[in-house]
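*Asks:* Could you look at this predicted model? Sequence included:
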Amino acid sequence: MPAPSRVRVDAWLWAVRVYKTRSEATTACRAGHVRLNGAPVKAAQTVVPGDRLRIRRSGEERDLEVSGLINKRVSAQVARTVYVDHTPPREKVVIPQVPVRDRGAGRPTKKDRREMDALRSSWTEQE
């Protein structure tokens, strides 16, 4: 079966497993979460090799370059071969731990409170 020369944006995003369903990809296009070469795109617009897609999903943004066309959903390994991911690596987010006192330990001492205050101030300095 020959490779298609043009594929709809929503079908391509579904085929390369960016979205679980084609209707989810269509909805994302309508909502303006998908941009083709910097411009908002409609779901029926076609993509060709060399196009750049910026996809905003779940608070993160992906930058994909189309290197091949498929219109049927394939395995994840095959799907990764038809695009180049230009997304910068995400920064690791450090979630501070809340200090936990043993049950029945009573009120914190003055020393314990100072340690907790020092810990809290170090968190605010990082932000």
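*Replies:* Good, I have the coordinates.

*Asks:* Is residue 17 in contact with residue 73, as I believe?
*Replies:* Yes: the pair residue 17 / residue 73 is scored as a contact, 7.3 Å apart, by CB atoms under 8 Å. To be clear about C-beta, it is placed using only N, CA and C from the backbone, and glycine gets the same treatment.

*Asks:* Packing partners of the helix ranked longest in the chain?
*Replies:* In the chain, assigned by DSSP state H, the helix with the most residues is helix 110-126. Helices and strands in packing contact with helix 110-126 are not found; criterion 3 or more CB pairs under 8 Å, 6 or more residues apart in numbering; DSSP states H and E.

*Asks:* which residues touch residue 50?
*Replies:* 65-66 (CB atoms under 8 Å, 6 or more residues apart in numbering).

*Asks:* One more pass at 7 Å, please.
*Replies:* Shown in contact with residue 50 (CB atoms under 7 Å, 6 or more residues apart in numbering): residue 66.

*Asks:* what's the distance between it and residue 16?
*Replies:* Separation of residue 50 from residue 16 (CB to CB, to the nearest Å): 15 Å.

*Asks:* Show me the strands in the chain, by range?
*Replies:* Taking DSSP state E as the criterion, the chain carries its strands at 7-8, 34-36, 39-40, 46-47, 52-57, 60-66, 83-85.

*Asks:* for this structure, what are the low-confidence residue spans?
*Replies:* Within the chain, the segments meeting pLDDT under 70 span 1-2, 96, 99, 123-127.

*Asks:* how is it carved up into domains?
*Replies:* Annotated domains of the chain cover 7-85, 94-127 [automatic domain parsing].

*Asks:* Mean neighbour count, those domains: which tops it?
*Replies:* Mean neighbour count (mean count of other CB atoms under 10 Å) peaks for domain 7-85 among the domains of the chain, with a mean of 16.

*Asks:* Got phi/psi on the residue nearest to residue 11 when sequence neighbours are not counted?
*Replies:* Nearest residue to residue 11, sequence neighbours excluded (CB to CB, 6 or more residues apart in numbering): residue 71, at 5.1 Å. In terms of degrees, to the nearest 10, the main-chain angles of residue 71 are phi -120, psi 0.

*Asks:* so who does residue 71 touch?
*Replies:* Going by CB under 7 Å, 6+ apart, residue 71 touches 4, 7, 11, 15.
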